[in-house]
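# A predicted structure for the sequence below; I have some questions about it.
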Amino acid sequence: CVSCHTVPGGAAFAGGQYLPTPFGSLSVPNITPDRETGIGEWSDDDFYRALHEGVGRHGEYLYPAFPFPWYTRLTRTDVLAIKAYLFSQPAVHAPRLPLKLSFPANQRSTLAAWRALFFKPEEFSPDPKQSAQVNRGAYLVTGLGHCGECHNHHNIVGASRWSGALEGGPIEGWYAPNLTSDTHEGIGS
C-alpha cells in the first residue's frame, strides 16, 4: 500500500500524490484511520466491498488503478487483517487532492462499462490438482501481490490481458520483465 498511498518523505498511507494514467492523473487517497479524510469511518463491510468489488463507502465505483481486480481474490479474513493493520496506524488529516482526469474518464459512471467488460468479483479457488504450496503462491501472485498489474500486458483502457499472464511488457515508461518459467526470456533458469 505504501508505494501508492505514501508521498516520499510523507506520512505513511496518507495519500497526497498523483498516479499517472493514460487518461490523466488520479489522486491517491488517504487510507489512514482519520475519520474525516481517511478510512476511519469505514466498516468492515465497506472495506471488504472496496477490495472485493471495487465499490467505495458511498457506493461509488473505484478506479481500477486501485488494484481491486486483483484484490477481489483475497479472503475476507485477509482483507479484514489488512484493515486492522491500517487502523492500527496513526490517523493523519490529509484531504484527497482533486482528480485530474480527462473526459470521459473523469465520470465515474463510465466505469460501469469497464467493469462489465473486464471485472468479475471472485475469491481465489485453489486448484485441486496443485500442491498447497503452489496454491498459496497462486493466491499471493494473483491476489495480494497483484503481480500481473505490472507484469501482464494491458489493453488500451488499462485492463490486464489474462492471456500471456506475467510475460512482461511496457508500463508507465519502464519495462516489467517476464516472470514466467520460460528459460530464455523469463525466470525459468
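Alright, I've got the coordinates.
# any stretches of this protein with poor pLDDT?
155-158, 161-164 (pLDDT under 70).
# next one: the residue most central in space within it relative to residue 73, how far apart?
Nearest residue to the geometric centre of the chain (Cα atoms, centre = their mean): residue 67, 1.6 Å. Residue 67 sits 10 Å away from residue 73, going by Cβ to Cβ, to the nearest Å. Where you see a C-beta, it was placed from the backbone N, CA and C, and this is true even at glycine.
# can you map out the strands along this protein?
18-21, 24-27, 100-101, 169-171, 174-176 (DSSP state E).
# from the contact counts, what lies against the third one?
Looking back up the chat, that one is strand 100-101. Counting contacts by 3 or more Cβ pairs under 8 Å, 6 or more residues apart in numbering; DSSP states H and E, strand 100-101 is packed against strand 24-27.
# if you count neighbours, what's buried in the strand it packs on?
For strand 24-27, the neighbour count (16 or more other Cβ atoms under 10 Å) marks 25-27 as buried.
# got the contact list for residue 67?
146, 149 (Cβ atoms under 8 Å, 6 or more residues apart in numbering).
# now the longest helix along the chain: buried residues?
Ranked by residue count, the top helix of the chain under DSSP state H comes out as helix 76-87. Neighbour-count burial for helix 76-87, counted by 16+ other Cβ under 10 Å, picks out 78-80, 82-83, 86-87.
# please save the CA atoms from that helix in CSV.
What follows is helix 76-87 as a C-alpha-only set of coordinates in CSV (Å, rounded to 0.1, in the frame of the first residue of the first chain):
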residue,chain,number,x,y,z
ARG,A,76,-12.5,-11.8,3.8
THR,A,77,-10.2,-12.8,6.7
ASP,A,78,-7.1,-11.4,4.9
VAL,A,79,-9.0,-8.2,3.9
LEU,A,80,-10.0,-7.6,7.5
ALA,A,81,-6.4,-8.2,8.7
ILE,A,82,-5.3,-5.5,6.2
LYS,A,83,-8.0,-3.2,7.6
ALA,A,84,-6.9,-4.0,11.2
TYR,A,85,-3.3,-3.1,10.4
LEU,A,86,-4.3,0.2,8.7
PHE,A,87,-6.5,1.1,11.6
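# distance from the chain centre to that helix, please.
15 Å (Cα atoms, centre = their mean, to the nearest Å).
# kindly report the same for stretch 41-58.
The answer for stretch 41-58 is 13 Å, by Cα atoms, centre = their mean.
# please apply the same query to stretch 102-116.
Using Cα atoms, centre = their mean, the offset of stretch 102-116 from its chain centre is 17 Å.
# equivalent analysis for stretch 35-48, please.
So, by Cα atoms, centre = their mean, the centroid of stretch 35-48 is 17 Å from its chain's centroid.
# distance between the ends of that stretch?
Criterion Cα to Cα, to the nearest Å; first-to-last residue distance in stretch 35-48 is 18 Å.
# got the buried residues for stretch 130-145?
135, 138-139, 141-144.
# can you list contacts of that stretch?
Taking Cβ under 8 Å, 6+ apart as the rule, stretch 130-145 contacts 70-74, 78, 124, 126-127, 147-148, 166.
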